[in-house]
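Asks: everything below, folded, please.
(chains A and B)
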Amino acid sequence: MIEALINMVLLTLLAAIMIGVVRLRNLFAVVILSSAYSFIIATVLIVLDAVDVAMTEAAVGAGISTVLMLAVLFLTKTEEQKPKHSPALPLFVATVTGIALIYGTLDLPAFGVPDQPIHTHVGAYYLEKSVEETGIPNVVSSVLASYRGFDTLGETTVVFTAGIGVLLLLRRNRRRNGKNGETS
Amino acid sequence: MFATAAFAILVALGLAVARALLGPTVFDRMLAVNSIGNFAILMLAVFGFLTGRPEFLDIGILYALLNVIGTIAVLKFFRFGDLAHSGGEEPSS
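Replies: The predicted model follows:
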């Protein structure tokens, strides 16, 4: 009950922030507002009991994305220009896509129904045995870190490699800029 | 008791969001977003106790670190116009 209430308030705040993001023309403020958006959606995810997703959202959305967006703002202008075309066509496309997505959710099982396929496979086993087998109080964390440990290790390797690649690319770019001045 | 605390945090969160949306200068918005991050940490802690699982507190530490990094990144960008700046000196232009 109280969880639904908290989520309703948080989602209302999210809608308010999104309206602000759409209406503001100062991109610097938009980046800051999207950081706030990430923090609030992370709180929503925590209330929905998806702690690992919330942690990822806070780290990626509020941390790295803000820094990367600021780096992009350094390369462009911080004021958004007025759109040259009328917003009718994009609005139409967005509305139709939204209606199609909502229509698609009608076929999904209702929120929290226990007899979905995803809950009848190995989920019951994890829920029963995870604490005694792994000693991790959170079932999702135990699945990610223990039962699917090799999968997570592979993902971490991929992310680590990508990070090294980005670091190397940025380093080279900065050195060249230092030598040649403002060539891009 | 925790429900009351959660309600108070939601009210404060709403006020911070209002400041972030209205704030005339960038610094108002940034301070507001910093507060929103702090309220997210508080909400995390209170909600953990509300549902009887105070293990969430560990994640709050991560949020606090992210908050610091985000604020420093924004401030550094605002001061030097460049995140790769080594800092420590006045901007040349």
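Asks: now the residue positioned nearest the centre of chain A. Nearest residue, chain neighbours left out?
Replies: For chain A, the residue sitting closest to the mean C-alpha position, by C-alpha atoms, centre = their mean, is residue A:57 at 4.5 Å. Leaving aside its chain neighbours, residue A:57 sits nearest to residue A:42 (4.5 Å; criterion: C-beta to C-beta, 6 or more residues apart in numbering or on different chains). To be clear about C-beta, it is placed using only N, CA and C from the backbone, and glycine gets the same treatment.
Asks: enumerate the residues of chain B near chain A.
Replies: B:3, B:6, B:10, B:13-14, B:17, B:20-21, B:23, B:26, B:29-30, B:32-33, B:36-37, B:40, B:43-44, B:47, B:50-51, B:53, B:55-56, B:59, B:62-63, B:66-67, B:69-70, B:73-74, B:77-78, B:81-84 (C-beta under 8 Å from any C-beta of the partner chain).
Asks: list only buried entries from those residues.
Replies: Using 16 or more other C-beta atoms under 10 Å in any protein chain shown as the burial test, the residues of chain B next to chain A include B:6, B:10, B:13-14, B:17, B:20-21, B:23, B:26, B:29-30, B:32-33, B:36-37, B:40, B:43-44, B:47, B:50, B:56, B:59, B:63, B:66-67, B:69-70, B:73-74, B:77, B:83 as buried.
Asks: before we move on, the earlier item: take the residues of chain B next to chain A and keep only those in strands.
Replies: Among these, no member falls in strands (DSSP state E).
Asks: and residue 15, what's its pLDDT?
Replies: Just going to use chain A. Per-residue pLDDT puts residue A:15 at 92.
Asks: sorry, I should have been clearer: chain B.
Replies: 91.
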